[in-house]
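Engineer: using only what follows, build the 3D model:
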Amino acid sequence: MKNLIDSIPPIIFIRRAEAGFPIEFASANVESLEYEASYFKDGKVLYADIIHPEDLEAFNFGVISNSERGIRDYTLEYRIIAKNGDLRWVEDRTLIQYGKNGRISRYIGIVSDVTGRKNLAEKLGQEKEKFTSLLNSSRDAIIILEKNGKFLEVNDEACRELGYSKEEFLKLNPGKVDASYESQFPRLVKKINLAGKATFESKHLKKDGTSIPVEVDARFMDYEGRETVLTVSRDVSEQKKLLKDLHHSLKVSKVLEFVVDRSPVIVYLSSPKEPHHVEFITENVIHFGYQPGAFTSGKLSYEDIIHPLDLEKVRDNYFKNYKEGNTDFAQEYRILTASGEIKWVGERTFLHLNEKEEIEYLHGTVMDITESRQSKDFMRLRRDFGSSLASIDEIQEILRQLLDMALEVEPLDSGCIYLMDEDSEKLKLKTCKGFSPAFVKSASEFGKTSGFLNLLRIGKPVYRQYFEIKNMISLESPKEEKLRATALIPISSGGRFAAALHLSSHKADTIPEIARKQLETISLELGNEISRIKEKAELQQTSSDFQALFKSIKDFILIVNHEGCIVHSNPAFRKRLSYTEKELRGKNILSFHPQNRVLEAAKNFSEILDGKTSLYNVPFITREGTEIFAETRFSRGSWRGQEVLVALARPRNSE
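Structural biologist: Numbers count the residues shown, from 1 in each chain. Coordinates of the predicted model:
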């Protein structure tokens, strides 16, 4: 008896909208009907074949009726014949999926075995002893109510599900369990009167205040000689989650289909056996110059297009992740296109294991990452060069290193850097690489009226074939140079034209967009380096001028920290007090006043720190003991990142 009323987890059937409803997919728990999922795979057994012949016409009518009315989500009850011949009542919640043409493409059925519920409803009118046993053996929550909504009977499952004892449950106001029992119950009774039963979804409130979604089957029953309402409620939390996940999966599937059709992401499905025969690959593999049929026919395996130098690494990576229990991993490697070009790809690989933990099949998503890989390599190169340049002040070495960096950019193989000579107003070649001596001689400098310099003064990079540039500016160069794709990039420093990059390729006709961005980044780097060297030279000159001024002032200049210790002093102070710079540094200013005035000086210095005064009238004392009277004025400042006080004093008896 227990087997008749136990709930069975929902079975998912995906049925095509064709005669007999061929089954595309059946979830693994179809074995509860004694079938295996693979039983339906070859299409020999249709879904219509397992429906009881007496229910098939009603099933077909329900499908057609709901489809014609545009209903996308409906529920049917009918009988299914298990493989062993048993009959099972099922409740089929069907979702209709439409194709791109607006026609129905498939039916997704969430099929629940409700045989137990059916049998229970039929047997509730039997003798009392069996009734109690059946009531409490059900995994569904069963409640019997009077027509006014008062609870009369409840089974153990309902008590367990909602957290009450039976005594507590029967004393409850029905509205405490389900709001619809209080506000909508009279309407429910009328509906049962008209239709004989009612099925609806609701929420039951638990003792702890939480709620659970339920599906309720309600009908009249004779209970102890009177007509009552029987409700059989089933917790559909899992089913709701399953339905939500299914809806989500369908959305994801549509998005994935959209992405794959319109993006460079290639998806493949492959056998784990060597040499990884491809069972499926998306059409956009043509991005690499291959036709999908070349793989699925067995003419090519996926491993055939992996770069020979990376193949062993890729194989080892598969094996390593499998051994470590990783079924989802990523890797980067090179492949060869049909034209022989090398591309970098990023692959996300998924290993699907069988019950024996063996690889049943694998699939991966592959994306061309050549440009991003080149950008990473360039950024790493730029970072390394940046670290190197930071310690170099020699302009010639900086130019040489930046030219080397530029020639790392594909497809360039030759280039030179020019600097503007402000005195002669000529553009002069400073470093070059990859050009013949004859070319270097012919292009060593350009005057202010030359077409080459005028073209650069426009301020925008020029990317053309060399012969076009040569004709534009009437440039003379050796014919045997055979330059092709060329870039001329003007460089500014401090808002003025300061230099130029001339880069060329002997093998390519165009410079790709990513290469152009990289070259323009290098040109900015060069402009910054020129500015840095100029600024450093100006700073050195300013520092030199300041030091000369500092040494020439005859007034005393002292720099002290907030503890009164001398940080720096000018030559005039050191000379008058007969101390060396080393002797003064770190000594407290109070050490250089007469002993009988030290307390006065300390108080005066404290007031200066508090901002109460800025004057200091205590005389200084020389090494020999001579007092030097001076009015000293303090102001706050900064010295080498440290907050200090700057003292300026004019000796009264100054020399």
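Engineer: what sits against the nearest residue to G451 once chain neighbours are set aside?
Structural biologist: In this structure, G451 finds its nearest non-sequential neighbour in I473, 3.2 Å apart by CB to CB, 6 or more residues apart in numbering. Any C-beta I mention is one placed from the backbone N, CA and C, and that applies to glycine too. Contact analysis of I473 by CB atoms under 8 Å, 6 or more residues apart in numbering lists S450, G451, F452, N454, L455.
Engineer: please repeat the previous calculation with a cut-off of 6 Å.
Structural biologist: By CB atoms under 6 Å, 6 or more residues apart in numbering, I473 lies in contact with G451, F452, L455.
Engineer: repeat for L455
Structural biologist: I473.
Engineer: chain center to the helix or strand harbouring it: distance?
Structural biologist: For L455, the host element (DSSP states H and E) is helix 451-457. In terms of CA atoms, centre = their mean, to the nearest Å, the centre of helix 451-457 is found 45 Å from the chain centre.
Engineer: quick one: mean pLDDT for it?
Structural biologist: Mean pLDDT, computed over helix 451-457, is 84.
Engineer: just stretch 584-594 next, same as before
Structural biologist: Mean predicted confidence for stretch 584-594 is 89.
Engineer: how about it: buried residues?
Structural biologist: L584, N588, I589, L590, F592, H593 (16 or more other CB atoms under 10 Å).
Engineer: cool, stretch 555-568 as well?
Structural biologist: Under the neighbour-count criterion of 16+ other CB under 10 Å, stretch 555-568 has F556, I557, L558, I559, V560, N561, G564, C565, I566, V567, H568 buried.
Engineer: of those residues, closest to S105?
Structural biologist: N561 (82.7 Å; CB to CB).
Engineer: now do the contacts for that closest one.
Structural biologist: So N561 contacts V567, V644 (CB under 6 Å, 6+ apart).
Engineer: 10 Å instead?
Structural biologist: V567, G586, N588, I589, W639, Q642, E643, V644, L645 (CB atoms under 10 Å, 6 or more residues apart in numbering).
Engineer: E24 and Y47, how far apart?
Structural biologist: Distance of E24 to Y47, given as CB to CB, to the nearest Å: 10 Å.
Engineer: shared neighbours of the two, anything?
Structural biologist: When contacts are counted by CB under 10 Å, 6+ apart, E24 and Y47 have F13, I14, R15, R16, F40, Y107 as shared neighbours.
Engineer: what is the burial count for the fifth one?
Structural biologist: This means F40. If you count neighbours by other CB atoms under 10 Å, F40 ends up with 22.
Engineer: sorry, back to before: and the buried residues of stretch 555-568, which two are the farthest apart?
Structural biologist: Top of the distance list for the buried residues of stretch 555-568 (CB to CB): F556 and N561, 17.3 Å.
Engineer: how about whichever strand or helix holds M420: buried residues?
Structural biologist: Assigned by DSSP H and E, M420 belongs to strand 414-421. Of all the residues in strand 414-421, those buried under the rule 16+ other CB under 10 Å are S414, G415, C416, I417, Y418, L419, M420.
Engineer: got any ranges where the stretch 201-350 of the chain has weak pLDDT?
Structural biologist: By pLDDT under 70, the low-scoring segments of the stretch 201-350 of the chain are 246, 249-264, 274-276.
Engineer: my error: substitute the chain in the last question.
Structural biologist: Confidence mapping of the chain against pLDDT under 70 gives the ranges 1-8, 121-130, 132, 182, 246, 249-264, 274-276, 372-393, 535-550, 653-655.
Engineer: could you rerun that using 50?
Structural biologist: Scanning the chain for pLDDT under 50 picks out 1-6, 381, 387-392, 655.
Engineer: now the helices for the stretch 51-200 of the chain?
Structural biologist: 53-68, 115-123, 128-137, 156-162, 166-171, 179-183, 185-195 (DSSP state H, counting those that start in this stretch).
Engineer: mean neighbour count added to the ones you listed, as JSON lines?
Structural biologist: Shown next, in JSON lines, are those (neighbours: other CB atoms under 10 Å):
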{"stretch": "helix 53-68", "mean neighbour count": "14"}
{"stretch": "helix 115-123", "mean neighbour count": "19"}
{"stretch": "helix 128-137", "mean neighbour count": "14"}
{"stretch": "helix 156-162", "mean neighbour count": "19"}
{"stretch": "helix 166-171", "mean neighbour count": "13"}
{"stretch": "helix 179-183", "mean neighbour count": "16"}
{"stretch": "helix 185-195", "mean neighbour count": "14"}
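Engineer: got these as TSV, with distance to R88 columns?
Structural biologist: Below are these laid out as TSV (distance: least, CB to CB, whole Å):
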stretch	distance to R88
helix 53-68	11
helix 115-123	5
helix 128-137	18
helix 156-162	21
helix 166-171	31
helix 179-183	30
helix 185-195	24
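Engineer: of all these, which one comes closest to L503?
Structural biologist: helix 53-68 (66.3 Å).
Engineer: quick one on the thing from earlier: among the contacts of I473, which one sits closest to F200?
Structural biologist: Nearest to F200 among these, with distances taken as CB to CB, is L455, at 80.8 Å.
Engineer: how many neighbours does the residue lying closest to G43 once chain neighbours are set aside have?
Structural biologist: Closest residue to G43 apart from its sequence neighbours, by CB to CB, 6+ apart: P22 at 5.1 Å. Look at P22: counted by other CB under 10 Å, it has 19 neighbours.
Engineer: change the start of the numbering to 3 and stick with it
Structural biologist: In the new count, where the first residue is 3, that last one comes out as P24.
Engineer: could you tell me the phi and psi values at P24?
Structural biologist: phi -60, psi 140 (degrees, to the nearest 10).
Engineer: and for K614?
Structural biologist: phi -80, psi -20.
Engineer: need the contact list for it.
Structural biologist: K614 is in contact with N606, S608, counting by CB under 10 Å, 6+ apart.
Engineer: could you rerun that using 6 Å?
Structural biologist: Applying CB under 6 Å, 6+ apart to K614 gives no contacts.
Engineer: ok, now how distant is it from F636?
Structural biologist: 11 Å.
Engineer: and for L311?
Structural biologist: The separation that L311 has from F636, given CB to CB, amounts to 72 Å.
Engineer: looking at these two, which is more packed in?
Structural biologist: Using other CB under 10 Å as the criterion, L311 and F636 rank with F636 on top: 21 against 10.
Engineer: ok but Y335 is inside a strand, no?
Structural biologist: Yes - the assignment for Y335 (DSSP: H, G, I helix; E, B strand; the rest coil) places it in a strand.
Engineer: what's across from it in the sheet?
Structural biologist: Taking DSSP bridges as the rule, Y335 bridges to V347.
Engineer: wait, it touches E314, no?
Structural biologist: No - the pair Y335 / E314 is not scored as a contact, 10.5 Å apart, by CB atoms under 6 Å.
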